[in-house]
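Asks: With the input below, show me the fold.
(chains A and B)
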Amino acid sequence: MREQTVATWQGRVRLRVLSKGTGPAVIFFHGSWGLAWDPFLDDLARTFTVYAPEHPGTTPGAPDDVTHLDGLWDLVLCYDELLRALGLERPAFVGHSFGGMVACEMAAACPDRVGRLVLIDPLGFWRDADPIVNFMVLDPAQLRARIFRDPEAAAARHLVGAVDDPQEAIEARVRLMWAMGATGKFIWPIPDKGLTKRIHRVTAPTLLLWGKEDRLVPPVYADEFTRRIPGARVQTVGDAGHAPQLEQPQTVARMVRDFLAQ
Amino acid sequence: MKISAFHLMPHRELPADFERRYESVWVTPPWWEVADASRVGQYYNWTLDELIHAARAGFDGVCTNEHHQNAYGFMPSPNLMGSVLARATAGSNVAIVQMGATLPTSNPPIRVAEEYAMLDCISGGRLVAGLPLGSPMDVNLCYGITPMEHRERYREAFALTLKAWQAREIFAWNGRYYQLPTVNLWPRPIQQPHPPVWVPGSGSISTFDFAVDHDVCYCFLSYSGARSAKTMMDGYWQVVDKKGREANPYRAGFLQLVAVAESDAAAEGKYGRHVEYFYHKCLHVPAPYFSPPGNQDYRSLVATLSNPVRRPENPKELRYRDFVDKGYVIAGSPATVRDRLKEEVVKGLHVGNLMVLLQIGSMPHELTLENIDRFAREVLPALRGEWDDQGWVNHWWPERLRGAAPVPAAAGVAAGGA
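Replies: This next block holds a predicted model:
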């Protein structure tokens, strides 16, 4: 695993990027619960160079950097600076949940920067008939039940800090709460910030992956993306909820790899 | 000292199984299932009548506050209530204590500065300007303000409000959250340079710093009584000391629930179920609502999660006697109430501006008037002289009301019916 920190936004917003592997570049944008290097990313790193930036504020030791950003436009420009600094030629974007929304916004704002686009259970739209629950004010058990098909699985318990060591549990809880606060800055109170006006600018070939049993962002939301991005395809992932790459890492890694290899 | 009557304007007739049947009393209480607009009209009028009654009975001030989508307190605009109170108490020495209109939920926030200036003009300079941060439920969950921006917005709006009241020149405000090209408030308040400012809080350390830095009165609006507030208020006084300000008790306000009867036993018979209604139903709120991610800054988040202040007990499991024993409510005979208020609240917390909640939960109108009368007659006179011997000046009270205690009107006369 490699690690580098890129200073953006006149040095005020430090973005730590974890990376691993060799091969074509893939940028992974994580969800609202913070970045954890997981088996899915490991799997991808066997054939790609995976770069995983931490969203502003979620890097340990730099919690307040996010306060220098006022909204999604600032965030997109920050990531534009990051891509420039990394010097990558049209990498693929893979984003999950909030990270899926960020990847799609980036692909709309800077269509020439992205090679291919994979959105895993992304946020970004709002349907009155299928409201997305405000996951930031759920208790830990409710949150797990919303994100995971099986809330008792190890990945689910780990996410909300249900670890045995009390000190580690506190640290995990702090990381989770702050990650939701820092990313929440860009989506509160409703995770629709006008993507519908900008999504027509996306030109990258796009794949949507959706957990069949997503109880946070119901699979019907895939339609919002496919009808606006020409040629976009949807694949659903069985036995998975809102985080299919955590519940079915091999399946999702294979789907991503097959699509990026096309 | 100064003693004011506080009111929450609660729903007084929630169903007996409310807290088992519904998720929350705040943000999501189901209006169509548990409320009726005509009946609610009656609650508003009772609330106004009770506060006017308190004003006539000899209280120094009357207090209203702002909440949204909340069945235990639904004055979304406290200034509508304050306006009625200002008019109904015309010519008196009673302060109109707005605790108050919430800056981050008012857009642009100079609306609060304008309305407070109106209230000060209508009342003849009797306004106390409460400028609360607002709760996460009201500001983040009901009014949609991003938790991480909540405090920053408040601080910007606070600075804007103070400037808007005082500026001699028309100015432009180019803020991070608010941009106004031509700020020129009409009207301006009577009180100069501006009405006294109170900042209510719930024990957050950053609010202590803010209150002392801005030389305002910090008010701890607690429903848990003085005993559990002691550590918190001691922390406030330490900040006051550390920042080199004098320990003037009028720098602090405290809200206490109070119920007075002929005797301690009579108090239980009269008030027991209303107190239990308050703690069992009115405070029925899911814990995560109090702390949406980002609402606390990182330092406070780490502190809170590392040292969770565990409530020693779940209020839903307590009964009337527990609430009284533990000091959540000070209830009993006039002598009991006097002694406990003096000992636990006034002296214990070093408080000069006392607020008492005398209408509690389901307490009906007539019983509320009785509680107000007993307090005004048999408790208030014994407390009023507290701190006088130390010669402190209450800089946080309307100047023209600082000396004179209000003269009670004929006792027992309720102000106009609904």
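Asks: The closest residue to chain B within chain A and residue A:168, how far apart?
Replies: Going by C-beta to the nearest C-beta, chain B is nearest to residue A:181 of chain A, at 2.7 Å. C-beta here means a position set from N, CA and C on the backbone, and glycine is covered the same way. Using C-beta to C-beta, to the nearest Å, one gets 20 Å for the distance from residue A:181 to residue A:168.
Asks: Tell me which of these two has more neighbours.
Replies: residue A:181 (28 against 11; other C-beta atoms under 10 Å in any protein chain shown).
Asks: need the contact list for the residue nearest to that one when sequence neighbours are not counted.
Replies: What sits nearest to residue A:181 in space, not counting adjacent residues and going by C-beta to C-beta, 6 or more residues apart in numbering or on different chains, is residue B:294, at 2.7 Å. By C-beta atoms under 8 Å, 6 or more residues apart in numbering or on different chains, residue B:294 lies in contact with A:178, A:180, A:181, A:182, A:184, A:185, A:188, B:146, B:147, B:148.
Asks: now the strands: where do they sit in the chain?
Replies: In the absence of a named chain, this looks at chain A. Under the criterion DSSP state E, strands of chain A are mapped to A:2-8, A:13-20, A:25-29, A:49-53, A:92-96, A:117-120, A:206-211, A:233-237.
Asks: Wait, chain B was what I had in mind.
Replies: B:2-6, B:61-64, B:95-98, B:127-130, B:171-174, B:179-183, B:197-201, B:217-221, B:252-260, B:329-332, B:353-357.
Asks: Tell me which stretches of the stretch 101-250 of chain A form helices.
Replies: Per DSSP state H, counting those that start in this stretch, the stretch 101-250 of chain A carries helices over the ranges A:140-147, A:154-159, A:166-184, A:195-198, A:222-226, A:244-247, A:249-261.
Asks: which one of those helices has the lowest average pLDDT?
Replies: Looking at the helices of the stretch 101-250 of chain A, the lowest mean pLDDT belongs to helix A:154-159 (a mean of 78).
Asks: re the thing from before, pretty sure the residue of chain A closest to chain B sits against residue B:147.
Replies: Yes. Look at residue A:181 against residue B:147 with C-beta atoms under 8 Å: they come within range, at 6.2 Å.
Asks: what sits in contact with each of those two?
Replies: Counting by C-beta under 8 Å, 6+ apart, the residues touching both residue A:181 and residue B:147 are A:136, B:292, B:293, B:294, B:295.
Asks: For the third one, give its distance to chain A.
Replies: Computed with C-beta to the nearest C-beta, to the nearest Å, the distance linking residue B:293 and chain A is 4 Å.
Asks: residues from chain A in reach of chain B?
Replies: A:63-64, A:66-67, A:70, A:134, A:136-139, A:170, A:173-174, A:177-182, A:184-185, A:188-190 (C-beta under 8 Å from any C-beta of the partner chain).
Asks: Show the buried residues in the residues you listed.
Replies: Among the residues of chain A next to chain B, the ones that count as buried by 16 or more other C-beta atoms under 10 Å in any protein chain shown are A:63, A:66-67, A:134, A:136-138, A:170, A:173-174, A:177-182, A:184-185, A:188-189.
Asks: any low-confidence regions in chain B?
Replies: For chain B, the stretches with pLDDT under 70 are B:308-312, B:404-407, B:409-418.
Asks: which residue is nearest the middle of it?
Replies: Nearest residue to the geometric centre of chain B (C-alpha atoms, centre = their mean): residue B:99, 4.9 Å.
Asks: ok, and the closest non-adjacent residue to it?
Replies: Nearest residue to residue B:99 in three dimensions, chain neighbours excluded: residue B:130, at 3.9 Å (C-beta to C-beta, 6+ apart).
Asks: how many other residues sit next to that neighbour?
Replies: Using other C-beta under 10 Å, residue B:130 has 29 other residues around it.
Asks: Return the residues in contact with it.
Replies: B:63, B:65, B:97, B:98, B:99, B:100, B:101, B:197, B:198, B:199, B:200, B:219.
Asks: any idea which of those is the one closest to residue B:362?
Replies: residue B:65 (19.1 Å; C-beta to C-beta).
Asks: correct me, but that closest one touches residue B:82?
Replies: No. Using C-beta under 8 Å, residue B:65 is not in contact with residue B:82, being 10.2 Å away.
Asks: Show me the common contact partners of these two, please.
Replies: By C-beta under 8 Å, 6+ apart, the residues touching both residue B:65 and residue B:82 are residue B:98.
Asks: Looking at these two, which one has more neighbours?
Replies: Neighbour tally, residue B:65 and residue B:82, criterion other C-beta under 10 Å: the higher count belongs to residue B:82, 29 against 24.
Asks: Lowest average confidence across helices and strands of chain A, where is it?
Replies: helix A:154-159 (a mean of 78; mean pLDDT, DSSP states H and E).
Asks: about what we covered before: output the contacts of residue B:294 in TSV, with distance to residue A:194 appended to each entry.
Replies: As requested, the contacts of residue B:294 are exported to TSV (distance: C-beta to C-beta, whole Å):
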residue	distance to residue A:194
A:178	26
A:180	22
A:181	22
A:182	20
A:184	17
A:185	16
A:188	15
B:146	16
B:147	21
B:148	20
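Asks: ok, the residues you listed vs residue A:146, which is closest?
Replies: residue A:180 (12.6 Å).
Asks: my read: the closest one touches residue A:136, true?
Replies: Yes. Shown here, residue A:180 and residue A:136 form a contact pair, counting by C-beta under 8 Å, at 5.1 Å.
Asks: give the contact list for residue A:8.
Replies: Residue A:8 makes contact with A:14, A:15, A:78, A:81, A:82, A:85, according to C-beta under 8 Å, 6+ apart.
Asks: okay, the second one: pLDDT?
Replies: Which is residue A:15. pLDDT recorded at residue A:15 is 97.
Asks: Report the contact partners of it.
Replies: A:5, A:6, A:7, A:8, A:53, A:54, A:56, A:59, A:78, A:82.
Asks: Kindly report the residues of the stretch 1-150 of chain B close to chain A.
Replies: The interface of the stretch 1-150 of chain B toward chain A, taken as C-beta under 8 Å from any C-beta, is made up of B:140, B:141, B:144, B:146, B:147, B:148, B:149.
Asks: Just the buried residues out of those residues, in ChimeraX syntax.
Replies: Buried residues among these (16+ other C-beta under 10 Å), as a ChimeraX selection:
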select /B:140,141,146,147,148,149
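Asks: one step back: which residues sit in contact with the residue of chain A closest to chain B?
Replies: Counting by C-beta under 8 Å, 6+ apart, residue A:181 makes contact with A:57, A:136, B:147, B:148, B:292, B:293, B:294, B:295, B:301.
Asks: Which pair of those residues spans the longest distance?
Replies: Maximum pairwise distance among the contacts of residue A:181 (C-beta to C-beta): 15.3 Å, between A:57 and B:292.
Asks: Could you check which residue of chain B lies nearest chain A?
Replies: For chain B and chain A, the shortest gap (C-beta to the nearest C-beta) falls at residue B:294, measuring 2.7 Å.
Asks: now that residue: how far from residue B:147?
Replies: Separation of residue B:294 from residue B:147 (C-beta to C-beta) stands at 4 Å.
Asks: Repeat that for residue A:81.
Replies: Counting by C-beta to C-beta, the gap from residue A:81 to residue B:147 is 26 Å.
Asks: can you check residue A:59 too?
Replies: When distance is defined by C-beta to C-beta, residue A:59 is 20 Å away from residue B:147.
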